[in-house]
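Student: Dropping a prediction and its sequence here:
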Amino acid sequence: MIPWLVADAPFPPLELALADPNGLLCAGGDLSPERILAAYRHGIFPWFSDGQPILWWSPDPRMVLFPAEFKVSRSLRKTLRAGRYEVRLDSDFAAVIDTCAHSWRPGQPGTWITPEMRHAYRRLHELGWAHSVETWVESENGYELVGGLYGLAIGRMFYGESMFSRRTDASKIAAAHLARFLESCGFGMIDCQMRTDHLASLGAREVPRSEFASRLAALVEADGTPGRWPEDGATFSWR
């Protein structure tokens with residue numbers, strides 16, 4: 001059994017999370033901005049499907065990416081240097097999260113980005129906490145959104161949530177620019193939640209939950225004011 005959150009109840013200690021399924025901590029509560037921000041500040045995130053109650057997780061180990069450790073493969077560097085794309089920040093958050101929600105992924109029959117979740121994160125974006133990084137390419141009808149990702153920034157900590165790609169390397173382009181942007185702004189860590197081969201190929205690695213929580217505690221208290229990111233804030237040279 002796991003605890004059930006009632007209104008205003010604090011989250012249980014991370015050490016009480018289940019080992020199987022890995023990281024399941026509690027259920028219930030709501031998706032208000034206050035509840036979600038409190039969760040992230042403590043290393044907890046919501047993850048559930050339609051028909052389930054709200055489930056809160058804190059897996060051990062935790063997959064993280066330190067911005068300076070982002071791996072740029074030879075082929076990706078070639079794409080970045082070619083520059084046949086435009087990266088924007090926060091120019092169309094709604095389109096990014098909606099596309100992530102409707103993107104098919106191997107082994108996933110449905111999506112955890114439910115309408116309820118999309119509404120909650122759009123509200124966080126309006127409040128300046130949630131952000132998108134977008135890859136655009138020029139087409140016959142102007143610029144087309146072909147890849148991107150979204151997540152939350154608290155203090156000097158970024159929490160990656162989901163990404164999508166409609167063109168080869170489009171999501172990797174967004175991720176590379178995000179890592180460079182966060183490094184330039186003094187961010188210390190990107191939370192990737194759970195391990196995937198794709199994330200590992202980009203330089204992410206697993207750390208014990210205790211280490212993650214210790215690093216997190218310092219980063220979320222660092223200076224950082226919520227607000228819209230500058231649309232052209234991720235413009236970098238890859239020469």
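Tutor: Received, thanks. Residues are numbered from 1 along each chain as shown.

Student: Please count neighbours and contacts with C-alpha atoms only from this point.
Tutor: Will do.

Student: burial count for the residue lying closest to Glu138 once chain neighbours are set aside?
Tutor: In this structure, Glu138 finds its nearest non-sequential neighbour in Glu144, 6.2 Å apart by C-alpha to C-alpha, 6 or more residues apart in numbering. By the criterion of other C-alpha atoms under 10 Å, Glu144 has 14 neighbours.

Student: Where does the record place the domain boundaries for the protein?
Tutor: Split into domains by automatic domain parsing, the chain comes to 4-59, 63-220.

Student: Please report phi then psi for the residue of the chain most remote from its centre.
Tutor: When distances to the mean C-alpha position of the chain are computed (C-alpha atoms, centre = their mean), the maximum falls on Glu140, with 31.1 Å. The phi/psi pair for Glu140 (degrees, to the nearest 10) reads phi -60, psi -30.

Student: Check Leu124 too.
Tutor: The phi/psi pair for Leu124 (degrees, to the nearest 10) is phi -60, psi -30.

Student: returning to what we had before: just put the domains of the chain in JSON lines and tack on mean pLDDT.
Tutor: JSON lines is the format used below for the domains of the chain (pLDDT from 0 to 100):
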{"stretch": "domain 4-59", "mean pLDDT": "96"}
{"stretch": "domain 63-220", "mean pLDDT": "94"}
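
Student: any chance of these in TSV, plus distance to Glu231?
Tutor: Conversion of the domains of the chain to TSV gives the following (distance: least, C-alpha to C-alpha, whole Å):
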stretch	distance to Glu231
domain 4-59	23
domain 63-220	4
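
Student: So which of those domains is nearest Asp232?
Tutor: Smallest distance to Asp232 across the domains of the chain (C-alpha to C-alpha): 5.6 Å, for domain 63-220.

Student: Regarding that closest one, how distant is the last residue from the first?
Tutor: For domain 63-220, the first-to-last residue distance is 17 Å (C-alpha to C-alpha, to the nearest Å).

Student: quick one, helices of this protein?
Tutor: Under the criterion DSSP state H, helices of the chain are mapped to 33-41, 74-82, 93-101, 115-126, 170-184, 197-201, 209-220.

Student: Quick one, which of these gets closest to Trp136.
Tutor: Closest among the helices of the chain, using C-alpha to C-alpha: helix 170-184, at 8.5 Å.

Student: Many thanks, have a good one.
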